[in-house]
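K.L.:
structure, please.
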Amino acid sequence: MTPLLESLRAGFEGDVTQRAALNAVLDAGLPSARSEAWKYTSLRSLERRSFKSAAPPSTIDGKLLVAIPSPRLVFVNGAFDSALSDVRNLPAGVDVRAHIGSHDPAAEPCASLPHADDVFARLNALLSLTGATLRVAADVDFETAVHLVFIGAPAESDQAWHLRNE
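P.N.:
Residues are numbered from 1 along each chain as shown. Purely as a prediction, here's the structure:
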């Protein structure tokens with residue numbers, strides 16, 4: 001197994017069903033030049049890298065977000081930051097929130113991805129434990145932009161985080 005896939009397996013925190021699904025994806029491996037969709041894309045340098053699960057930095061200067069109006073949800077190194085987020089003053093029928101925690105494996109979009117070429121979508125679906133959810137009721141006229149802000153703060157090593165937005 002490549003260092004990339006081994007590092008993703010090592011940082012996984014899921015139940016038995018999710019781990020079995022992850023192992024199936026990892027055992028299939030990354031697509032190669034033999035795959036029509038990937039024949040012009042070499043993944044060799046990516047395969048050699050390994051990633052650690054990201055840890056959010058202790059602080060991010062809120063001044064960085066002055067130009068981004070609310071409503072906004074802010075994620076730093078893949079983790080929701082409530083102090084930098086602001087979803088006040090939304091009209092009734094509009095729900096914007098960060099979701100954190102495990103997900104229902106039966107609802108995973110990776111189940112509908114039949115090809116090995118979809119390995120990155122499958123991995124993201126299985127590894128994501130955080131992200132944003134936006135729900136607008138059918139009868140609501142809502143024209144305000146909702147900003148999802150993703151900040152990658154520097155770290156000592158390569159980090160991976162996987163967000164799923166709905």
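K.L.:
which helix in the protein runs the most residues?
P.N.:
Using DSSP state H, we find that the single longest helix of the chain is helix 16-28.
K.L.:
name the residues that touch the following helix or strand past that helix?
P.N.:
For helix 16-28, the following helix or strand on the C-terminal side (DSSP states H and E) is helix 44-47. Contacts of helix 44-47 with the rest of the structure, by C-beta atoms under 8 Å, 6 or more residues apart in numbering, involve Thr2, Pro3, Leu4, Leu5, Leu30. For glycine as for every other residue, the C-beta is placed from the backbone atoms N, C-alpha and C.
K.L.:
next, the buried residues of the longest helix of the chain.
P.N.:
If you call a residue buried by 16 or more other C-beta atoms under 10 Å, then helix 16-28 has these buried ones: Gln18, Ala21, Leu22, Val25, Leu26.
K.L.:
what of stretch 141-159?
P.N.:
Val146, His147, Leu148, Val149, Ile151, Gln159.
K.L.:
would you map the strands across the protein?
P.N.:
In the chain, the strands defined using DSSP state E lie at 52-53, 72-76, 79-80, 94-100, 130-136, 147-151, 159-160.
K.L.:
what distance do you get for Val94 to Arg72?
P.N.:
Distance, Val94 to Arg72, using C-beta to C-beta, to the nearest Å: 14 Å.
K.L.:
what's the neighbour count on Ala92?
P.N.:
7 (other C-beta atoms under 10 Å).
K.L.:
just the pLDDT at it, thanks.
P.N.:
At Ala92, the pLDDT value in this model is 89.
K.L.:
next one: the one 10 residues further on
P.N.:
As summarised for this prediction, Ser102 has a pLDDT of 53.
K.L.:
next: Ala111.
P.N.:
Confidence at Ala111, expressed as pLDDT, is 49.
K.L.:
again with Leu43
P.N.:
pLDDT at Leu43 comes out at 90.
K.L.:
for it, which non-adjacent residue is spatially closest?
P.N.:
Of all residues not flanking Leu43 in the chain, Leu30 sits nearest, at 5.1 Å (C-beta to C-beta, 6 or more residues apart in numbering).
K.L.:
that neighbour contacts Leu8, correct?
P.N.:
No - counting by C-beta atoms under 8 Å, Leu30 does not reach Leu8; the two are 10.9 Å apart.
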